[in-house]
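Visitor: Next input, structure requested:
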Amino acid sequence: MRDKLLQNTRAVVTGASSGIGAGIARALADAGASVIVNYRSRKEAAHRGAADIRRQGGHAVAVQADITRPDDCARLFEAAREEFGGIDLLVANAGIQQDASVADMTLDDWRKVIDVNLTGQFICAQEAVRCFRRQGPDPARSPALGKIIFTSSVHQAIPWAGHANYAASKGGLKLLMESMAQELAAEKIRVNAVAPGAIRTAINEQAWNSPEAERKLLELIPYGRVGDPQDIGRAVVWLASDESDYVVGTTLFVDGGMLLYPAFREGG
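Guide: So this is what the prediction gives:
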């Protein structure tokens with residue numbers, strides 16, 4: 001990755017205290033962006049991540065906000081204005097899982113996942129659009145008025161038994177992204193998504209934290225390794241940069257080939 005692709009970029013990353021979000025925040029900062037590191041409850045981890053970025057010469061500030069609350073989302077962008085003078089990029093990354101079979105899943109678990117993974121992403125993206133419009137164009141920064149990147153999942157396309165709420169949220173996020181991209185492209189607001197496959201994070205630790213679990217997981221990954229948050233961070237840097245200026249309404253799958261359904265390699 002070339003250095004400083006995002007030198008003039010001011011970014012908000014939601015759910016950035018750990019896992020994929022932390023990897024994205026670090027990658028953006030390494031590429032030159034100033035970053036709001038959002039967290040809901042993991043204060044120490046978020047502040048530690050922001051401090052690590054600053055120690056490496058980057059610019060990052062940790063900001064608490066619950067993305068399911070419109071006032072909190074507005075506060076994130078106000079923090080970006082106060083700290084950086086504005087906002088150029090939203091990476092709507094926050095997400096949760098509450099897993100259960102269809103018959104056993106509670107309505108509360110269904111709603112929690114939809115509220116964070118879909119409604120919360122919409123609320124933050126809506127606020128980002130309003131901010132981009134208020135700021136107006138700045139060709140010295142970017143040809144785009146603003147950029148939004150959603151963190152989706154291979155499960156926007158692959159059904160996932162035992163995780164119906166999660167898969168539904170990501171399927172909905174796909175069409176939210178595409179509908180926003182269609183509506184906003186004429187204003188030079190670029191909306192895209194990155195869709196991770198199996199990534200080594202705490203949310204799915206049981207799937208890779210033993211040799212047997214990892215062996216079973218690798219049966220689903222043609223490329224032969226489990227991904228790391230840095231894999232997603234590098235993809236987001238490119239999508240956020242002006243090198244991808246003609247990329248609009250696209251989901252970039254970063255999954256080692258998981259979407260290729262490797263079980264069918266031997267003829268099904």
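Visitor: From here on, just use CA atoms for contacts and neighbour counts.
Guide: Will do.
Visitor: quick one, strands of the stretch 151-268 of the chain?
Guide: 189-196, 251-254 (DSSP state E, counting those that start in this stretch).
Visitor: With just CA atoms, put the last one into CSV.
Guide: This file holds the C-alpha atoms of strand 251-254, laid out as CSV (Å, rounded to 0.1, in the frame of the first residue of the first chain):
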residue,chain,number,x,y,z
THR,A,251,-19.4,-4.4,-2.3
LEU,A,252,-15.7,-5.4,-2.1
PHE,A,253,-15.6,-8.9,-0.7
VAL,A,254,-12.4,-9.6,1.3
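Visitor: Partner strands of it and their direction?
Guide: According to DSSP bridges, strand 251-254 forms sheet pairs with strand 189-196 (parallel).
Visitor: mean confidence score for the partner strand?
Guide: Regarding strand 189-196, the rounded mean pLDDT is 98.
Visitor: Check the offset of that strand from the chain's centre.
Guide: Once both centres are worked out by CA atoms, centre = their mean, to the nearest Å, strand 189-196 turns out to sit 8 Å from its chain's centre.
Visitor: and what of stretch 247-263?
Guide: The chain centroid and the centroid of stretch 247-263 are separated by 15 Å under CA atoms, centre = their mean.
Visitor: for stretch 31-38, same thing?
Guide: Distance, stretch centre to chain centre, for stretch 31-38: 13 Å (CA atoms, centre = their mean).
Visitor: any weak-confidence spans in this protein?
Guide: The chain contains residues with pLDDT under 70 at 1-3, 203-209, 267-268.
Visitor: Where do the helices of it begin and end?
Guide: Using DSSP state H, the helices assigned to the chain run over residues 19-30, 43-55, 70-84, 107-114, 121-135, 164-184, 211-218, 229-240.
Visitor: Tell me which of those is the most buried.
Guide: Across those, averaging neighbours per residue (mean count of other CA atoms under 10 Å) puts helix 19-30 on top, at a mean of 26.
Visitor: what does that one contact?
Guide: Around helix 19-30, the neighbours that count as contacts under CA atoms under 8 Å, 6 or more residues apart in numbering are 3-4, 6, 13-16, 34-35, 37, 49, 53, 58-60, 93-94, 199-202, 229-230, 232-234, 236-237.
Visitor: follow-up on the earlier one: how about JSON lines for the strands of the stretch 151-268 of the chain, with distance to Arg42 and mean neighbour count added?
Guide: Shown next, in JSON lines, are those (distance: least, CA to CA, whole Å; neighbours: other CA atoms under 10 Å):
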{"stretch": "strand 189-196", "distance to Arg42": "22", "mean neighbour count": "25"}
{"stretch": "strand 251-254", "distance to Arg42": "26", "mean neighbour count": "20"}
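Visitor: Using TSV, lay out those together with distance to Arg75.
Guide: Formatted as TSV, the strands of the stretch 151-268 of the chain follow (distance: least, CA to CA, whole Å):
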stretch	distance to Arg75
strand 189-196	21
strand 251-254	28
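Visitor: Let me know which of these is the nearest to Asp115.
Guide: When those are compared for distance to Asp115 using CA to CA, the nearest one is strand 189-196, at 18.5 Å.
Visitor: mind exporting the closest one as PDB, just the C-alpha atoms?
Guide: Provided in PDB are the C-alpha atoms of strand 189-196 (Å, rounded to 0.1, in the frame of the first residue of the first chain):
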ATOM      1  CA  ILE A 189     -21.200  11.200  -2.500                       C
ATOM      2  CA  ARG A 190     -19.600   7.800  -3.000                       C
ATOM      3  CA  VAL A 191     -21.200   5.000  -1.100                       C
ATOM      4  CA  ASN A 192     -19.700   1.500  -1.100                       C
ATOM      5  CA  ALA A 193     -19.200  -1.500   1.200                       C
ATOM      6  CA  VAL A 194     -16.500  -3.900   2.300                       C
ATOM      7  CA  ALA A 195     -17.600  -7.500   3.100                       C
ATOM      8  CA  PRO A 196     -15.300  -9.500   5.300                       C
END
